[in-house]
Each structure stands twice: as C-alpha cells, then as structure tokens.
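Enquirer: I need the structure of the sequence given here:
(one chain, ligands or ions: 1)
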Amino acid sequence: MNEGGSRIRRRVAVRKRNRPSLESIFASPTAADLQPGDEEEEDEEEMMAGSRRKKTADVQPVENNDSEEDMFGDYDSFAENSFLAHVDDLEQYMQLPEHRRHASDLASDDLCSESDKHNKLSVTTIDNFTELKMDEHTKNQSRQEDVCIEPEPDLLYDIPSSQVLYFENSSSDLGDQSTKERDCNSSSHKTVNEELPQNSIEQHQQTDDPSSKVRTSSEENRRKSLKEHLKSAMTGNAKAQTPIFSKTKQLKETLLSEEINVAKKTIESSSDDLGPFYSLPSKVRDLYVQFKGIGKLYEWQHTCLTLNSVQERKNLIYSLPTSGGKTLVAEILMLQELLCRRRDVLMILPYVAIVQEKISGLSSFGIELGFFVEEYAGSKGKFPPIKRREKKSLYIATIEKGHSLVNSLIETGRIGSLGLVVVDELHMIGEGSRGAILEMTLAKVLYTSKATQIIGMSATLNNVEDLQEFLQAEYYTSQFRPVELKEYLKINDVIYEVDSKAENGMTFSRLLNYKYSDTLKKMDPDHLVALVTEVIPNYSCLVFCPTKKNCENVAEMICKFLSKEYLKHREEEKHEVIKNLKNVSSGNLCPVLKRTIPFGVAYHHSGLTSDERKLLEEAYSTGVLCLFTCTSTLAAGVNLPARRVILRAPYVAKEFLKRNQYKQMIGRAGRAGIDSIGESILILQEKDKQQVLELISRPLENCYSHLVQEFTKGIQTLFLSLIGLKIATNLDDIYHFMNGTFFGVQQKILLKEKSLWEITVESLRYLTEKGLLQKDTTDKSEEDFQHGFHITKLGRASFKGTIDLAYCDVLYRDLKKGLEGLVLESLLHLIYLTTPYDMASQCDPDWMIYFRQFSQLSPAEQNVAALLGVSENFIGKKASGQAIKKRPTFGVCLKNLTCLEDIYRVFLLELPRSPLVCYISVRCCCTKKQRLCKKKWKSC
Ligand SMILES: Nc1ncnc2c1ncn2[C@@H]1O[C@H](COP(=O)(O)OP(=O)(O)OP(=O)(O)O)[C@@H](O)[C@H]1O
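Expert: Residues are numbered from 1 along each chain as shown. Below you'll find the predicted structure:
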C-alpha cells in the first residue's frame with residue numbers, strides 16, 4: 001500500500017503574547033500557594049486518618065465528572081461493601097507510608113527472621129527488582145538451578161490495580177515454569193503480594209512461631225472475621241502470583257536498564273542517532289512484536305517519528321484516515337517520555353471504554369519496562385495522583401478526568417512533572433461541553449507548563465490551522481490506510497459504488513441477489529438480512545443504527561430470518577458467552593441477547609454494563625460473535641473493526657449524519673492484518689439521496705471552540721478554576737489566558753459582535769454577581785475590574801464538586817432547605833436532593849402517572865412535597881394538560897431508591913435498558929453533591 005498523498009505541513013504559530021510561566025510559581029509551593037488546597041488537604045488527612053482507624057468501606061468521595069457521553073459510565077463505581085471498594089480501601093491503606101513500611105518490614109522480617117536462619121535470604125537490589133537469593137541450604141533443598149527473584153516490594157504495593165491484572169496473566173503465562181520453581185516460590189518465598197494483608201502475615205507467624213499458635217478465642221474470631229472480610233477483597237491481588245524470573249531474565253533486566261540509560265543520554269544529547277528503536281531500548285521493539293504482532297513500522301510512522309520537530313519535542317498534530325496506525329506513533333513518543341526523559345505522561349481518550357481498552361493494552365508494557373499505568377475513568381483515579389518515587393506514570397484518562405487531573409497537578413505545583421499530553425480524537429475539541437473541557441485542559445497546560453509537550457491526533461480534521469495556532473503545533477498528514485476501503489450506497493435493491501470521478505459521485509455496482517418472502521419483505525424493507533448474510537458468519541459485520549432501541553430491534557429482526565445453520569457456528573463458545581453473561585448479570589441476562597447470541601448476533605450500546613460489554617467485545621473480536629448492531633458511539637470507540645460496515649440510515653438519532661461521523665463509522669471497515677479489503681454500505685431512501693450525495697462529496701466539518709457557547713460549563717467554569725487554582729487572578733491575566741485559548745484564536749469568527757475583552761469582563765461580572773467570585777478590592781465601583789479576584793466558598797465548592805454552574809445556586813438553596821429540615825421519615829426528600837437537575841430538562845414526565853403516584857404518597861411524603869413547593873393543585877393542572885412553568889419535582893415519583901421500575905415507567909419509557917443508567921447517574925450526582933456539601937459546610 002503506498003502512502004498516497006503523504007505530505008508534511010509545518011507551521012508553527014509563534015505568538016507574541018507574553019505568558020507568565022507559572023512553573024516557577026508552582027515549583028516549590030509555599031503554604032500560601034497551597035492555600036486553596038488546604039481544605040482538600042484536611043479532607044485527605046481526615047480520610048487517611050479514617051482509613052488508618054478502620055478498613056471498612058469508608059470510601060473517599062470520588063471525583064466523578066464524566067459526562068453522560070462517557071458512554072459506559074461508572075458501572076464499576078464504588079459502593080459500600082462492594083468488592084472494589086474494599087480493594088481500593090486496602091490499596092489506599094497499604095499505600096500509607098507507615099503501613100507500607102509496616103507490612104514490608106513484617107514481610108522481610110519474616111523472610112529474614114533469626115529463627116529461620118537456614119532459610120535466610122540475602123537481598124540484593126537490581127534496578128527495579130529485588131533479588132532474593134537462597135542460601136546453600138535452601139538451594140540444596142529445592143535443587144534449583146536458577147535463582148528466583150521477585151519484584152521489589154514497592155513495585156507491588158504501588159502498582160495501580162489496573163496493572164495488577166497483568167500479574168495474573170503473567171503468572172498464568174509462567175505456568176510452564178518448572179513445578180519445582182513454583183514449589184520453591186510458594187513454600188519458602190511467600191510473594192510480597194501474598195504478604196500484603198495482615199492475615200497473610202499472621203499466617204506466617206503462626207507457622208514460624210509456635211507460641212503464636214496459642215491464641216485466645218476472641219483473638220481468633222477477630223482475626224477470622226478480618227480474614228474473611230479481607231479474603232474476598234484480596235482475591236484478585238492474592239491470585240496475582242509474583243512472576244518467577246530466571247537468571248537469563250535477570251540479565252535481560254540489567255541489559256534493559258543499561259539500554260535505557262544509553263537511550264536517555266542519546267535523547268538528552270539531541271543526536272540523530274535513533275538507537276535500536278526510535279531512541280528506545282530494543283526491548284520495546286521486541287515487546288511490540290510479542291504483544292501486538294507489529295514487526296515493522298509503516299513508512300509514514302517512521303517519517304513522522306523522525307521529523308525534526310518531533311525530535312525537538314515541539315507540539316504536534318497529525319492526521320490520518322482511520323486504522324492508519326496513529327496510536328503506535330503516540331505510544332512510542334509516550335515511551336520515550338516515560339523511560340528516557342523520566343517524566344509522567346497523560347493520554348486523553350474520549351470514552352471510558354477506550355480508556356479501559358488502552359489500559360489493558362499498555363499494562364503489559366508498564367510491567368515489562370517499569371512504569372505505572374493508571375486509569376482515570378468512571379470512578380477510577382486519585383486527585384492529585386500519587387507521587388511516585390522512582391517510576392513514572394502513564395495516566396490514561398477520559399476528557400473529564402484528564403481535566404481534573406491537570407487541575408490537581410496545577411493546584412499542588414506538580415504540573416511540571418507532566419512531560420507529555422497526548423489527545424486522541426482531537427476533533428472532539430469542537431463537540432459541546434466535552435470539547436470545552438478538552439480546550440480548558442489544553443489551554444491550562446499550555447499556560448502553566450511550557451515544558452509539557454502536546455500531541456493531538458485525529459482522522460477527521462479540517463481547519464487544522466486554527467488548532468495549530470492554538471496548540472502552537474506543527475502538522476503532519478498522510479492518506480495512508482493499510483486496508484483498502486470501498487464505499488457503497490444502497491438505494492432500493494441497487495448497490496452503487498461511491499466514485500468521486502463520476503458525475504453524481506456514484507456508479508452502479510450490482511443488484512442485490514436474495515430471494516425475499518413476502519413476510520421478510522415486510523419485516524426487512526432495507527434488505528439488511530441480505531446484506532449481512534453475504535458476510536457472516538465467516539467474516540464480521542457491524543450494523544450502525546440510529547438509536548439504542550433500534551439496535552435491539554434490528555438484532556432481533558435479523559435473527560428471526562437467519563437459517564438454523566447459523567446456530568451451529570461455534571455453538572459451544574456461544575453457549576459459554578451466554579453462561580458468562582448470566583454470571584456477570586446475576587442471572588438476569590437481557591432477553592434480547594439471550595435470543596440473538598445463539599445466532600452469533602448481539603447489540604452493542606451504552607445500555608450494556610461494563611462487564612457485559614467486555615464479554616461481548618471479546619466474543620466479537622475472536623469471531624464467536626459475527627455481527628454487532630451498534631450506535632454511532634462505537635465508531636469513535638473501541639477497536640472493533642469489521643469486514644463490512646452497514647449504516648442502517650443516514651441519521652444519528654434524529655439528526656442527519658455529519659461527514660465526520662460518516663467517516664468515523666465507515667472507518668471501522670477492514671481489519672489490518674486480517675482483511676484484505678473493507679466495505680461500507682450506507683442504506684438510504686430516495687428522499688435522502690441528494691443530501692447523501694452531498695455528504696459523501698463535501699469536505700470534513702470544521703471544528704469550532706465551544707468554550708463560550710457552553711457558558712456555565714465552559715468559560716464560567718474556566719474562570720472559576722483559573723482563580724481558584726491561582727493560575728490567573730486578575731482581569732489582565734485572565735484576558736491574557738483567554739487569548740491563548742482555541743476560542744481566542746477563533747473569536748473573530750465565532751462572536752464578531754463582542755471583543756474578547758468584553759466577553760472576559762462580562763463573565764467575571766456574572767460570576768461575581770452570582771456570588772462565586774469576589775473582588776479583592778473594597779472599591780465597589782462597577783467598572784473596577786483591574787483588581788484581583790478571589791473565589792468564594794460557594795465558588796470553591798462548585799468548582800471542586802464539578803457542579804454545572806447553571807445549577808449551583810439552586811442546588812445550594814435546596815441543600816440549605818434540607819439543612820433546615822431534612823425529612824427522613826421516607827426516602828423521598830433524599831431522593832429529591834440527589835436527583836440530577838439536568839435530568840429534569842431531559843425528561844418529559846407522564847403527568848397522569850405522576851398525579852397517580854402523588855395521590856398515593858404517605859402523609860410524611862406529602863409534607864416533603866409541600867416543603868418543596870409541590871402542590872396537588874399544581875400536579876392536577878399539569879395532568880389536565882395546562883401549561884405551567886415550574887421545575888418538576890422528580891423526587892416525588894421516585895418513592896424508593898430500589899423502585900427503579902417507577903423511574904423507568906414515568907420518565908424513561910423510551911429507553912429500554914436505562915433504569916440502571918439512571919440510577920447510576922443519580923448516584924454520580926449524589927457524589928458530586930456530597931462533595932459540594934463537604935466543601936461548603938466545612939468552610940462555613
Ligand atoms: N506498523 C504496523 N504494522 C502492522 N500493524 C499495525 C502497525 N501500526 C498499527 N498497526 C495496527 O493497525 C491497527 C489500527 O491501528 P490504530 O488503532 O493505531 O489506528 P488509528 O489510526 O489510531 O485508527 P482510528 O482512527 O480508527 O483510531 C491496530 O490493530 C494496530 O495494531
């Protein structure tokens with residue numbers, strides 16, 4: 001495959017704006033510098049003290065600000081007594097230095113105990129690993145030829161849970177090690193991981209010290225219950241056997257560390273020598289062969305990595321068609337930063353699902369090369385991140401978590417530790433409030449840390465110049481695609497090939513050849529069955545549908561008309577998938593999936609739980625499932641390519657398809673290394689023909705800043721955080737900051753009627769009037785904005801709680817009311833307080849059901865309704881169809897948290913699998929409100 005129109009366009013926009021470097025300010029934070037974080041520190045101390053005192057599921061409030069577009073939400077979020085909560089508690093507990101020392105001391109004391117001199121191990125540190133050499137006596141006993149070495153205790157204590165999983169795999173990979181080795185490991189070398197919980201330590205004492213066998217029964221019981229409590233929580237970690245390395249492996253480790261040192265020196269000397277593998281140790285190259293089957297870089301990847309600008313660590317934007325192999329370039333640059341320049345890296349990805357996919361893909365590299373891979377998605381991620389002593393961290397984050405992470409690094413004066421920020425799907429900067437958050441993140445990095453490099457990639461960029469100016473970046477682009485993609489359109493039963501040279505953009509290709517019965521014609525007017533059966537079950541197929549409900553309907557409809565032969569294809573494996581799905585959903589397998597999976601078909605949308613999604617994706621990737629009906633989110637999501645991609649209609653929900661969306665969806669066709677060709681078929685009706693022909697021929701859409709358009713979630717939130725984090729605290733500096741944003745670059749196109757100065761002043765005035773900011777001066781003169789600003793308690797609480805500023809005052813008012821008299825006789829008042837405000841505008845209640853529910857409220861619940869200003873009269877009028885403007889009190893219908901049916905019935909009738917999603921977003925909102933309360937009330 002040639003590289004088509006490969007070209008390099010370089011344009012560095014050197015802006016003359018004088019930006020004060022905050023790095024110096026934050027380099028060594030003084031007490032005053034850290035003042036905004038005082039409350040946070042207190043909180044943390046409190047939390048730590050709490051976790052020192054007890055190890056129950058007293059969960060640290062997690063920053064959970066992923067938008068609903070984080071498509072798989074936080075299904076793995078923490079719940080009291082949940083497994084993850086315990087594990088996380090333990091992780092936090094063990095990460096406290098004193099506990100770490102305590103446990104490691106006990107572990108090593110135990111290993112080196114005087115009473116066990118014959119088994120004494122001499123401990124030698126080799127780079128990241130600690131060699132535990134057995135003395136002669138032990139050697140003779142175990143007759144080992146190789147020396148067993150185990151990872152340094154810190155490696156295992158510090159290791160993020162996401163990476164621990166890799167240990168499980170690596171330990172099972174090591175299954176071919178001699179049994180003797182394993183015996184040696186399990187009998188005399190209790191792994192450090194096994195030593196982690198107290199119960200393990202106690203076990204040791206029991207075996208080694210006979211006196212310890214005499215214990216009081218209460219002690220025994222206490223220990224037993226503690227053990228039982230910890231047992232389930234530690235299952236994952238305990239399973240993670242320490243890998244056993246042979247001498248050869250040990251030598252390799254030494255070689256690696258030497259190679260890294262050489263690479264480090266080479267990279268520092270800015271020489272042209274790329275060493276064995278793009279300034280990285282040869283082990284990286286080997287790992288790519290081993291883990292990803294990539295033996296050689298594509299030509300464009302080599303060109304891009306050897307660009308002078310890349311060598312000089314200039315900011316870079318690069319753009320290639322989907323499946324072009326963009327990620328590998330970013331990964332190599334990240335590894336250079338982590339291993340050679342020894343700085344942390346942040347990778348921002350659009351969805352939780354992709355973050356998880358990337359975590360599992362890179363954890364193995366982290367373990368092999370000695371860096372941490374930390375997940376910042378859903379409920380995962382610590383703010384500020386744990387300070388690592390030696391190893392560097394790769395933070396893989398969603399857009400929202402990436403923003404919070406950058407905020408926390410700025411607040412703690414650690415932003416300089418971030419060497420590189422990589423943004424995948426950079427075009428998302430132009431998408432609503434998530435785009436605004438991405439813009440804020442990048443603008444803050446640009447403003448506060450000149451030494452942090454920024455790299456953005458995308459398959460669908462048009463107005464790159466604006467982005468280049470914003471990021472002060474160079475640009476590289478190529479048309480390379482490893483697998484050819486053929487685009488087709490289907491109108492009635494005719495298939496046309498998209499052909500840019502043809503007069504109307506398409507040429508006749510063929511007629512559909514499939515015998516349709518009358519019933520099938522009625523049920524499947526779009527000939528979906530004909531189109532998919534040309535491909536499945538031997539090849540995979542994706543059918544993009546406009547809505548989630550439609551995904552389920554289409555999957556069912558197709559299965560109704562598939563022959564019984566499809567049932568036989570990989571039958572047992574499909575049964576296994578169903579069994580596993582039942583296990584992860586406590587026996588409640590979705591009836592649609594139950595019917596479609598035996599045919600190798602499933603739907604894939606945000607209504608799936610995280611576990612269900614992972615199981616289905618795995619089955620699809622291995623060919624057990626051959627067809628997914630999915631929503632457009634899969635296009636920008638996980639790496640699930642297919643031989644054929646069908647777009648069921650040129651719509652996403654009710655909106656006509658955009659060129660970018662179309663490109664992303666069809667880009668899933670053609671698996672590199674598996675398919676020799678990929679095909680896309682867009683099904684359209686005559687009425688849409690003209691619009692579709694325009695769609696396939698026009699250029700990609702430009703992306704525009706949403707910073708000002710997303711008023712409360714954009715510019716206002718930005719200003720609050722600039723002042724709260726002391727990035728810029730007076731009008732001049734804030735204006736200066738605004739000049740450096742993406743909006744600043746596009747202001748003249750986006751908002752001609754106002755100058756940037758006016759926009760800045762207006763927003764500051766609005767925040768001041770809202771009571772979120774205060775002027776430092778006592779001079780109340782209207783125009784006097786030259787003085788500095790400081791954030792108020794409510795402002796800080798809103799900013800820290802990541803509350804949409806549109807709702808912060810109404811939320812504060814509701815909470816205050818709750819403080820006056822929280823009615824706890826039923827759950828209604830609490831449910832009212834925790835129901836997300838933005839849900840109110842999204843849902844259209846059925847007022848008749850609402851009225852019925854209302855009349856069944858108990859007297860106590862009616863009191864709550866009265867307290868909240870909801871009268872029977874009001875609901876009666878609503879039910880009879882009269883127009884009254886008043887915020888519907890959602891809580892009234894949510895009589896019981898467990899009564900999800902009500903939520904579903906009243907508000908979400910059109911969303912078939914959404915009660916769970918709704919419940920989760922309510923819980924997510926609870927967390928945010930809890931944080932706001934904590935900040936606000938604490939400071940009052
Ligand atoms: N040099 C290479 N040789 C072989 N396969 C490669 C190479 N580089 C990348 N790949 C493989 O190509 C596939 C697509 O790569 P990747 O996901 O990086 O594409 P992308 O450009 O990021 O696409 P998208 O825009 O769809 O996310 C992956 O399976 C990846 O492992």
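
Enquirer: for the residue nearest to residue 756 when sequence neighbours are not counted, what are its contacts?
Expert: Among residues not flanking residue 756 along the chain, residue 747 sits closest, at 5.1 Å (C-beta to C-beta, 6 or more residues apart in numbering). Every residue, glycine included, has its C-beta placed from N, CA and C. By C-beta atoms under 8 Å, 6 or more residues apart in numbering, residue 747 lies in contact with 755-756, 759.

Enquirer: Backbone torsions only: list them for residue 477.
Expert: Note on residue 477: backbone dihedrals following degrees, to the nearest 10 are phi -140, psi 150.

Enquirer: how many other residues sit next to the closest residue in space to it that isn't next to it in sequence?
Expert: Nearest non-adjacent residue to residue 477, counting by C-beta to C-beta, 6+ apart: residue 319, 4.7 Å away. Using other C-beta atoms under 10 Å, residue 319 has 23 other residues around it.

Enquirer: residues contacting residue 641?
Expert: 323, 540, 668-672, 674-675, 678.

Enquirer: what's the helix or strand for residue 550?
Expert: Here residue 550, judged by DSSP states H and E, is contained in helix 548-561.

Enquirer: tell me which residues in that helix are buried?
Expert: Within helix 548-561, the residues scored as buried using 16 or more other C-beta atoms under 10 Å are 548-559, 561.

Enquirer: With distance to the ligand and pLDDT as added columns, please give the residues you listed in TSV.
Expert: Output for the buried residues of helix 548-561, formatted as TSV (distance: C-beta to the nearest ligand atom, whole Å; pLDDT from 0 to 100):
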residue	distance to the ligand	pLDDT
548	22	90
549	27	91
550	24	93
551	21	95
552	26	95
553	27	95
554	23	95
555	24	96
556	29	95
557	29	95
558	25	95
559	28	96
561	31	92
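
Enquirer: that older thread, now, which of the contacts of residue 641 lie close to the ligand?
Expert: 323, 672 (C-beta under 6 Å from any ligand atom).

Enquirer: Would you mind listing which of the contacts of residue 641 are buried?
Expert: Buried subset of these (neighbour count, 16+ other C-beta under 10 Å): 323, 540, 668-672, 675, 678.

Enquirer: ok, the residue nearest to residue 756 to residue 440 distance?
Expert: 16 Å (C-beta to C-beta, to the nearest Å).

Enquirer: cool, and residue 771?
Expert: Taking C-beta to C-beta, one finds residue 771 at 22 Å from residue 440.

Enquirer: can you count the residues close to the residue of the stretch 751-900 of the chain found nearest the ligand?
Expert: The stretch 751-900 of the chain approaches the ligand most closely through residue 802 (27.9 Å), counting by C-beta to the nearest ligand atom. Number of residues near residue 802 (other C-beta under 10 Å) recorded here: 22.

Enquirer: just checking, it touches residue 404?
Expert: Yes - the criterion here is C-beta atoms under 8 Å, and residue 802 meets it with residue 404 at 7.1 Å.

Enquirer: Could you say whether residue 790 sits in a helix, a strand or coil?
Expert: Following DSSP: H, G, I helix; E, B strand; the rest coil, the label given to residue 790 is strand.

Enquirer: buried sites along the helix or strand that contains residue 763?
Expert: Element membership of residue 763, judged by DSSP H and E, is helix 756-769. Buried residues in helix 756-769, counted by 16+ other C-beta under 10 Å: 756, 759-761, 763-764, 766-768.

Enquirer: do the helix or strand hosting residue 613 and the ligand meet?
Expert: Residue 613 is part of helix 610-621 when elements are defined by DSSP H and E. No - Helix 610-621 lies apart from the ligand when judged by C-beta under 6 Å from any ligand atom; the minimum separation is 10.6 Å.

Enquirer: Export the helix or strand just after that helix to PDB, keeping only CA atoms.
Expert: Using DSSP H and E, the helix or strand that follows helix 610-621 in sequence is strand 627-630. Provided in PDB are the C-alpha atoms of strand 627-630 (Å, rounded to 0.1, in the frame of the first residue of the first chain):
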ATOM      1  CA  LEU A 627     -22.500  -9.300  14.000                       C
ATOM      2  CA  PHE A 628     -22.900  -6.300  16.200                       C
ATOM      3  CA  THR A 629     -25.800  -3.900  15.800                       C
ATOM      4  CA  CYS A 630     -24.500  -0.700  17.400                       C
END
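
Enquirer: Give me the contact list for strand 627-630.
Expert: Residues from elsewhere that reach strand 627-630, judged by C-beta under 8 Å, 6+ apart: 532, 536, 540-545, 550-552, 554-555, 558, 600-605, 616, 620, 634, 640, 642.

Enquirer: Please apply the same query to stretch 763-777.
Expert: 715-716, 719-720, 723, 731, 734, 784-785, 787-792, 794-795, 798, 805, 808-809.

Enquirer: which among those residues end up buried?
Expert: 715-716, 719-720, 723, 731, 734, 785, 788-789, 791-792, 794-795, 798, 805, 808.

Enquirer: What about the residues you listed, which are in helices?
Expert: Among these, the residues falling in helices (DSSP state H) are 715-716, 719-720, 723, 731, 734, 794-795, 798, 808.

Enquirer: now for these, which pair is the farthest apart?
Expert: Greatest spatial distance in these: 731 and 808, 22.6 Å, computed using C-beta to C-beta.

Enquirer: Pretty sure the residue nearest to residue 477 sits against residue 459.
Expert: Yes - using C-beta under 8 Å as the test, residue 319 is close enough to residue 459 to be in contact (6.8 Å).
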